[in-house]
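Enquirer: Here is a sequence together with a model predicted from it:
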Amino acid sequence: MRAALRVSPEPDPVLLDVEARVGSPSLPLMLLDALRRPPAGWSVEETLAVSRERLDAPRAEERVVALRNVARLAPGEEAAVRAALREIVRRPRAVGGRESFAFAQALDGLVALGDVEAIPLLVPMLGRPETAPMAGMTLDRLAAAAPLATAQFLNAHPALLAGFPLLRADYFAKGSLRASAGRAEIGRYLRREDVSDAEREKFFASYLQRGTFLVAGIFTGPARPPAEEGDPAAEVAAALARWRGDAAMEPARQAAERALSPVDAENPIPR
């Protein structure tokens, strides 16, 4: 299950490299960036034709901007765009150098497309110092952009984040206990035998104190703080009330009690 295409139609405010420095794009890159929408007198197909010609460009930064244009103007080609973005991410030959912009923006594209099937590509990068910060931030943003699809994927592949259990808790905490589908996936996660009490407690702590990365990217557009929704403490209490009597959820109830007690005394854990 994938999230809908969310490539921003807005003008791109900055070109950023992996260290969030303002980039100095070449003239060809600037011209390619301008084709994110058809110029006056151009059709969509004419505009796409130029971008498609650059999909095989030797410079990865040109390819990633061309992919953004294709994603924006031809949403039916999402599968091909995802595959090409993964290929750029798979080979970050010079993170911190000339390829930094392409690497960072390809990651932004995976978030915009809700590409949870890229998670197995990102997880090994958590173990490498040169890619760990960007991989961790991308996984967090991806979980926030496609929370249900992320939870379903991680439950279907339980070994993926076995080496990073507290990060896994953070990613599941991007989901919602309000909706039945999200609540079901979170319940499935909390019942898992490979999830420790410490990880369950981290899940509830992260759910109660939500945070997110604010990132400007050529796919997702300007950085914006998320809209505040609901009362996380009340949502936790309501979900545990639904799970009352389920012996498999007793460890989760105890973890929630430890996480919730200093946060909100008005929403006691159901006994």
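Expert: Structure received.
Enquirer: Can you give me the distance of the closest residue in space to Thr220 that isn't next to it in sequence to Met30?
Expert: Sequence neighbours aside, Ala112 is the residue nearest to Thr220 in space, at 4.9 Å (criterion: CB to CB, 6 or more residues apart in numbering). Placement of C-beta: from N, CA and C, glycine included. Distance of Ala112 to Met30, computed by CB to CB, to the nearest Å: 21 Å.
Enquirer: Which of the two has more residues huddled nearby?
Expert: Set Ala112 next to Met30 and count neighbours by other CB atoms under 10 Å: Ala112 wins out with 26 against 12.
Enquirer: Pull up the gap between the residue nearest to Thr220 and Val215, please.
Expert: 11 Å.
Enquirer: what about Pro133, distance to Gly127?
Expert: For Pro133, the distance to Gly127 equals 12 Å [CB to CB].
Enquirer: let me fix that: Pro251
Expert: Going from Pro251 to Gly127 by CB to CB gives 28 Å.
Enquirer: more neighbours, the two?
Expert: Taking neighbours as other CB under 10 Å, Pro251 and Gly127 compare with Pro251 leading, 16 against 11.
Enquirer: The more buried one: which element?
Expert: Per DSSP states H and E: Pro251 is located in helix 250-260.
Enquirer: so how far is that helix from its chain's centroid?
Expert: Per CA atoms, centre = their mean, to the nearest Å, the displacement of helix 250-260 from the mean C-alpha position of its chain is 27 Å.
Enquirer: Going forward, count from 738.
Expert: OK, 738 is where the count begins now, so the last one is helix 987-997.
Enquirer: Give the buried residues for that helix.
Expert: For helix 987-997, the neighbour count (16 or more other CB atoms under 10 Å) marks 988-990, 992-994, 996-997 as buried.
Enquirer: same thing with stretch 922-929?
Expert: Using 16+ other CB under 10 Å as the test for burial, stretch 922-929 gives 922-924, 926-927.
Enquirer: For the stretch 888-1008 of the chain, which segments count as helices?
Expert: 902-909, 917-928, 934-945, 969-979, 987-997 (DSSP state H, counting those that start in this stretch).
Enquirer: and the fourth one, what's its mean pLDDT?
Expert: With pLDDT averaged residue by residue, helix 969-979 scores 91.
Enquirer: Ok, stretch 928-945 next?
Expert: For stretch 928-945, the mean confidence score works out to 95.
Enquirer: Output that stretch as PDB, restricted to C-alpha atoms.
Expert: This file holds the C-alpha atoms of stretch 928-945, laid out as PDB (Å, rounded to 0.1, in the frame of the first residue of the first chain):
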ATOM      1  CA  ARG A 928       2.300  -7.600  20.600                       C
ATOM      2  CA  ARG A 929       5.400  -8.800  18.800                       C
ATOM      3  CA  GLU A 930       7.700 -11.000  20.800                       C
ATOM      4  CA  ASP A 931      10.800  -9.300  19.400                       C
ATOM      5  CA  VAL A 932       9.700  -5.900  20.800                       C
ATOM      6  CA  SER A 933      11.200  -5.300  24.200                       C
ATOM      7  CA  ASP A 934       9.600  -3.400  27.100                       C
ATOM      8  CA  ALA A 935      12.100  -0.600  26.600                       C
ATOM      9  CA  GLU A 936      11.100  -0.300  22.900                       C
ATOM     10  CA  ARG A 937       7.400  -0.200  23.800                       C
ATOM     11  CA  GLU A 938       8.000   2.500  26.300                       C
ATOM     12  CA  LYS A 939      10.000   4.500  23.700                       C
ATOM     13  CA  PHE A 940       7.000   4.100  21.300                       C
ATOM     14  CA  PHE A 941       4.600   5.600  23.800                       C
ATOM     15  CA  ALA A 942       7.000   8.400  24.800                       C
ATOM     16  CA  SER A 943       7.500   9.300  21.100                       C
ATOM     17  CA  TYR A 944       3.800   9.100  20.400                       C
ATOM     18  CA  LEU A 945       3.100  11.500  23.300                       C
END
